Structures are given as structure tokens and as C-alpha cells.
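Asks: What follows is a predicted protein model with its sequence.
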Amino acid sequence: MKAQAAVEYLIMVGVILAIAIPIFYYSLTYSSESVAISKSKEAAEAIASGGDYVYSLGEGTRTTVAIDIPTNVKESYILDNEIGFRISTSAGITDVYAMSMTNVTGSLPDTPGRHFIVIKHLGDGVVIE
């Protein structure tokens, strides 16, 4: 009788684990992707607002913006007044971007970690170094 109760208990624990492990895995994956998307969005918005700031103050203005780039960023880009990052997620590639009021030129790092971006307003527009 004791052996049967022990076997039933083990089966019940096995079924619970079989249900709980995929749920925990999915939530962990989803939360890490949400954090990466959020960090990338914050970085793009910080760069765009920095560009707007130096543009509004005129030629010769410069500022430095600190951004954090998550590990699953595959590419960063600047296209006219759009600053964006391409992020690898479980659903594929997600584009995260922010719009600036002015055209911006330059390049952004796509390596993960903390970066300090220098934004300058030159005579011909806003440049990111």
C-alpha cells in the first residue's frame, strides 16, 4: 500500500513538472525579449531627443547621450530622421525605432553594452559619432 502511494505521488509530481517547466521557460524567454525591446526603444528615443536638442540650439552644439544596447541587437541604423535597432526575438526580427525632427547622419554601435554617443550639430545637420 505504501509503495502504491509513493508511485502515485511521483507520477503526480512528474505531471506537475511537465506542465510547469514549459510555462517557466516561455515566461523567462518572453520577459528577456521584452527587456531587450524596451532597452532598445529607450536608446533610440534618447538619441533622437539628443539630436532634436542639439538641432534646436543651433550650429556648434554638442551633447553626449549614454545608452545601453542589449545582447540580441543584430543591427543599428540611421536613415534620414529615423534611428533604429533590429532585434532578434523568438518570433523573428523586430525593428525598434524613434523619429527625430531633423535629418541625422552617422553610425551607431551594435555591440552590446553601455555606450556614450556624441551628438553634434554641424553646419549641414546633426551628426552622431
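Replies: That came through, no problem.
Asks: For the residue most central in space within the chain, give me its contacts.
Replies: The C-alpha lying nearest the average C-alpha coordinate of the chain belongs to Ser40 (CA atoms, centre = their mean; 2.6 Å). Contact analysis of Ser40 by CB atoms under 8 Å, 6 or more residues apart in numbering lists 69-70, 73, 85, 87, 96. C-beta coordinates here come from the backbone N, C-alpha and C atoms, glycine included.
Asks: rerun that using 7 Å as the cut-off
Replies: 70, 73, 85, 87, 96 (CB atoms under 7 Å, 6 or more residues apart in numbering).
Asks: does the residue lying closest to Gly84 once chain neighbours are set aside sit in a helix or strand, and which one?
Replies: Leaving out its chain neighbours, the residue that sits closest to Gly84 by CB to CB, 6 or more residues apart in numbering is Tyr97, at 3.2 Å. Take DSSP states H and E as the rule and Tyr97 turns out to sit in strand 92-99.
Asks: That strand: which residues count as buried?
Replies: Of the residues in strand 92-99, 94, 96-98 count as buried by neighbour count, 16 or more other CB atoms under 10 Å.
Asks: Partner strands of the following helix or strand past that strand and their direction?
Replies: Downstream of strand 92-99, the first helix or strand assigned by DSSP H and E is strand 104-106. Partners of strand 104-106 in the sheet, by DSSP bridges, are strand 125-128 (parallel).
Asks: May I have the beta-bridge partners of His121?
Replies: Under the criterion used (DSSP bridges), His121 bridges to Val126.
Asks: any idea how far the closest residue to Pro70 other than its chain neighbours lies from Thr102?
Replies: Of all residues not flanking Pro70 in the chain, Ala36 sits nearest, at 3.9 Å (CB to CB, 6+ apart). Ala36 sits 28 Å away from Thr102, going by CB to CB, to the nearest Å.
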